[in-house]
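*Asks:* Next comes the sequence, and after it the predicted model I'd like to discuss.
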Amino acid sequence: MENQNLDDTNELIKRRFEELAELNNKGFDAFAYSYDVDNYSENIKNNFEELEQKNVKIAGRIMAIRRMGKASFTHIQDRDGRIQIYLRKDEVGEEYDAFKLMDIGDIVGVTGFVFKTRTGETSVHVKSITLLSKSLRPIPIAKESVDEEGNKVIHDQFADKELRYRQRYVDLIVNPEVKEVFKKRSAIVTTIRSFLDTNEFVEVETPVLQPVYGGAAARPFVTHHNTLDMDLYLRIADELYLKRLIVGGFDRVYEISKDFRNEGIDKTHNPEFTMLELYVAYKDYDWMMKFTEQMVEDVATKVFGKTEFEIDGTMIDFKGPWIRLSMVDSIKDATGVDITNTTSEELKVALKKYNIELADDVNNGKMIDELFGVAVEPNIVQPTFVVDYPIEISPLAKKHRTKEGLVERFEGYVLGREICNAFSELNDPVDQKERFMSQVELKEAGDDEASPIDDDYIRAMEFGMPPTAGLGIGIDRLVMLLTNQPTIRDVILFPQMRKEK
RNA sequence: GGGCGCAUAGCUCAGUGGUAGAGCAUCUCCCUUUUAAGGAGAGGGUCCCUGGUUCGAGACCAGGUGCGCUCACCA
């Protein structure tokens, strides 16, 4: 809900415009060009002994002001956190007149020496203060105190979810833990890149705008290119392009990209989301399981210094090897149904026990997947690879080398949530064409998530594609787990929202 | 899409049919080591929107909008 009334008729904003005018009248520039920062709050607090009485230049946003007549304390927030500054009228001279016109929210540059106050707080004793940017809107400031046990308590924290997501810039200013999550997200992605680099991967970029979409089961966004006068789809996956590159002779490629799916929004789904896809020639899904474990363990260790995480109150250990759970066996154990030797009638009966009724024309593969989803998936806690999926729901995966009706595919689950999907990639163009044809049949029967046929992809495969293992990891969901965030919106800076009124 | 819930000052929230409230923030005055600074005073409202019920609606009813939780959907 945007506040229509928060315009310049609002007294708080009006007041700040008046201060701006007064600053200009007195010859102070309210919007500076630069400031030569040479230190940061955290560094000063961590290295007090070395820096005591030494001069520093810092800059940041005023987050608290305690004025005491001819002297004042304020807290300045820079990229790392907050530090207190102390200024006295008799030392900063006419700058004190400008300071009187500064508010919480204003961005200032400060030069002074490091000292500790009577109460022991590391602070900067200001010799000069410069306004760098006047804040014209009041920020929803919360106050902090410390309780008897020494814990930080935040009072009246800016908490309106809608405003926090719509005005993330404000959320980031006043809720420091939000910034921490996104710093961690950045470190996770950086560490993944470095891990892949060490393993001799080539990072590539493939089209976002695709004439034929594929690589996943989802409804796409459609757009139009005017000059070419053709409809284009925003990618739902990178898969088919990356495998074309495997055909072309790159033997280890990856892409970290935004994918787009025109579907529902909830705790684990945002219409645009970040996916890591990687493909490795001459390897299969067994190799990929080990590689996935290593990569996640590497990220956990390098970014967080540990492999055990408390997530939703449960201890999760990402240290490999992860549990291997056969989809066939797990369904058999949970329901008694042997999916390798079953009829659609039997599956319907099994699903009914979970109060699930699907349309009559749904194939066995979908029913099996559904059964897995209700009978097994919610009970998975520790990192687990679920292996060997029905062929009907895996049109791009290679047939299992020994098990009829299954493909060599695994998905990684943690706490009942899917975090990755991988297979031994189908590299037989004849088989691939048949799989596409059955997808087309599904689509014609009304399945709007079934894949369209991609003739160029078949053509590429006909030139010869090496045996290949492929993996997709939802970066947002991985970050959610590692940072213990309850919704995908808390790991996406600007989550999709309805139009503001 | 279904169910449940929420929407009041810049922020966090009270307000159960009869004059619109508090804390913080803001403004004025005092205050040169304070820290949820303190003391004294003041200003600030489209009670989400549109209808309805009523002598009277922030409150009750209906519809709408936005958000949250949840179920379904999302291999």
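*Replies:* It's in. This structure is a prediction, so every number in the text was calculated from the model and none was measured. Numbering: from 1, shown residues only, chains lettered A, B, ... in the order given.

*Asks:* Going by C-alpha atoms from here, please, whenever you check contacts or count neighbours.
*Replies:* Noted.

*Asks:* chain center to stretch A:218-233, what's the gap?
*Replies:* Once both centres are worked out by C-alpha atoms, centre = their mean, to the nearest Å, stretch A:218-233 turns out to sit 26 Å from its chain's centre.

*Asks:* And it, end to end?
*Replies:* Stretch A:218-233 has an end-to-end distance of 12 Å (C-alpha to C-alpha, to the nearest Å).

*Asks:* That stretch near RNA strand B anywhere?
*Replies:* Yes. Using C-alpha under 7 Å from any atom of the strand, stretch A:218-233 reaches RNA strand B at residue A:218.

*Asks:* what residues does that stretch touch?
*Replies:* With contacts defined as C-alpha atoms under 8 Å, 6 or more residues apart in numbering, stretch A:218-233 is touched by A:208-213, A:234-236, A:260-263, A:448-450.

*Asks:* I'd assumed residue A:145 was in a helix, is it?
*Replies:* No. With DSSP: H, G, I helix; E, B strand; the rest coil as the criterion, residue A:145 is strand rather than part of a helix.

*Asks:* thinking again about what came up before, out of the contacts of stretch A:218-233, which two are the most distant from each other?
*Replies:* Taking C-alpha to C-alpha, the two most distant members of the contacts of stretch A:218-233 are A:208 and A:448; they sit 20.5 Å apart.

*Asks:* and residue A:21, that one's in a helix?
*Replies:* Yes. Applying three-state DSSP, one finds residue A:21 inside a helix.

*Asks:* pLDDT wise, what is it at?
*Replies:* Note for residue A:21: predicted pLDDT of 94.

*Asks:* any idea how far RNA strand B is from it?
*Replies:* Per C-alpha to the nearest atom of the strand, to the nearest Å, residue A:21 is found 13 Å from RNA strand B.

*Asks:* ok, back up a step: make a PyMOL selection of whichever of the contacts of stretch A:218-233 turn out to be buried.
*Replies:* In PyMOL, this line selects whichever of the contacts of stretch A:218-233 come out buried by 16 or more other C-alpha atoms under 10 Å:
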select buried, chain A and resi 208+209+210+212+213+234+235+236+260+261+450
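
*Asks:* Which of the contacts of stretch A:218-233 sits closest to RNA strand B?
*Replies:* If you rank those by distance to RNA strand B using C-alpha to the nearest atom of the strand, residue A:263 comes first, at 6.1 Å.

*Asks:* now the closest one: how far from residue A:220?
*Replies:* Distance from residue A:263 to residue A:220, by C-alpha to C-alpha: 8 Å.

*Asks:* Also residue A:96?
*Replies:* Residue A:96 is 58 Å from residue A:220, by C-alpha to C-alpha.

*Asks:* now do residue A:291
*Replies:* Remark: distance between residue A:291 and residue A:220 (C-alpha to C-alpha) = 30 Å.

*Asks:* the more surrounded of those two?
*Replies:* Higher neighbour count among residue A:291 and residue A:220: residue A:220, with 21 against 14, using other C-alpha atoms under 10 Å.

*Asks:* and the stretch 201-350 of chain A, which of its residues are near RNA strand B?
*Replies:* Residues of the stretch 201-350 of chain A lying near RNA strand B (C-alpha under 7 Å from any atom of the strand): A:215, A:216, A:217, A:218, A:263, A:264, A:265, A:266, A:267, A:268, A:269.
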